[in-house]
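# let me see the structure of the following:
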Amino acid sequence: MNRRTTLRTLVAAALLAALPAFAAVDVAGVKFDDSITVAGQPLKLNGAGVRTKVIFKVYAAGLYLTDKKTTVADVLAVPGPRRVAITMLREVSSDDFGKAFLDGLNANTSKEERSKILPQITRFGEVFAQTPALKKGDQLRLDWTPNEGTQCYLNGKKLGELMPDLSFYNAVLRIWLGDKPVDSSLKPALLGEK
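Numbering: from 1, shown residues only. Take a look at the predicted model:
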């Protein structure tokens, strides 16, 4: 190699090394990208973990925020878009998934809070009533976009309509991050402690 070719090779290598790495975190065989984009804004993987019930792995979940946060209060106060990404690790009927959703919501919100978001809770339940089961490998996304609302996606397809209230999205987040989370080991994982 001549000197010019060597110099070009070194410059190219230095430029490639300077590019951000789009690494992925592997959780139970599910890959969660370190960064994604929601509503035109870059989000970072705050944390990811597995929801287990008894001894069964039910799903892998990842929480994406504009900036990493380690406390529940900070997560709930994030001003920008957010995403909860769930990949099913086993089949779950929509009845069972809906019941777990309601149980988690009821355990982590007050009666007063639930009454304020009751129409959105009902619509969210109707979304899952349309789907007989969540199958192994199905990907569920819950995106919060400021000034729009919460949109649910199953395998990239929109489910239901937008739910406009931020308190609804925060109530959903508390299913995993509240004082009585559905899985005590998933909460610290989503908060980036593991």
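# beta partners of the most centrally placed residue in the chain?
Centroid-nearest residue in the chain, with Cα atoms, centre = their mean: residue 84, separated by 1.3 Å. With DSSP bridges as the criterion, residue 84 is bridged to residue 63, residue 142.
# what do you get for residue 33?
Bridge pairing for residue 33 - DSSP bridges - gives residue 24.
# where along the protein do the helices fall?
Listed in chain order, the helices of the chain (DSSP state H) span 3-18, 72-77, 94-108, 111-116, 118-129, 166-177, 186-190.
# out of the ones you listed, nearest to residue 158?
Closest approach to residue 158 among those (Cβ to Cβ): helix 118-129, 9.8 Å. Just so you know, the C-beta spots here come from the backbone N, C-alpha and C atoms, and that holds for glycine as well.
# got a list of contacts for the lengthiest strand in the chain?
Longest strand in the chain by number of residues (criterion: DSSP state E): strand 41-53. Under the contact criterion Cβ atoms under 8 Å, 6 or more residues apart in numbering, strand 41-53 has outside partners 25, 27-28, 32-37, 57-69, 75, 80-83, 89, 176, 182-183, 185-186, 188-194.
# try it again with 7 Å
Residues outside strand 41-53 that contact it (Cβ atoms under 7 Å, 6 or more residues apart in numbering) are 25, 27-28, 32-37, 57-69, 80-81, 83, 182-183, 185-186, 189-192, 194.
# please, a ChimeraX command that selects the buried ones among those residues?
To isolate the buried subset of those in ChimeraX, counting by 16 or more other Cβ atoms under 10 Å, use the following:
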select :27,32,36,58,59,60,61,62,63,64,65,66,69,81,83,182,183,186,189,190,191,192
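# on that earlier part again, pull out the buried positions in the longest strand of the chain.
Neighbour-count burial for strand 41-53 flags 43, 44, 45, 46, 47, 48, 49, 50, 51, 52 (criterion: 16+ other Cβ under 10 Å).
# and the residues you listed, which is closest to residue 143?
Out of the buried residues of strand 41-53, the member with the shortest distance to residue 143 (by Cβ to Cβ) is residue 43, at 9.7 Å.
# now that closest one: closest residue in space, sequence neighbours ignored.
Take residue 43 and drop its neighbours on the chain: the residue closest to it by Cβ to Cβ, 6 or more residues apart in numbering is residue 64, 4.0 Å away.
# which other residues reach stretch 117-136?
Stretch 117-136 is contacted by residues 88-94, 97-98, 105, 114, 140, 152, 154, 159-161, 163, 165, 167-168, 171 when judged by Cβ under 7 Å, 6+ apart.
# on that earlier part again, hmm, the residue nearest to the centre of the chain is touching residue 63, no?
Yes. Between residue 84 and residue 63 there is a contact under Cβ atoms under 7 Å: 5.8 Å.
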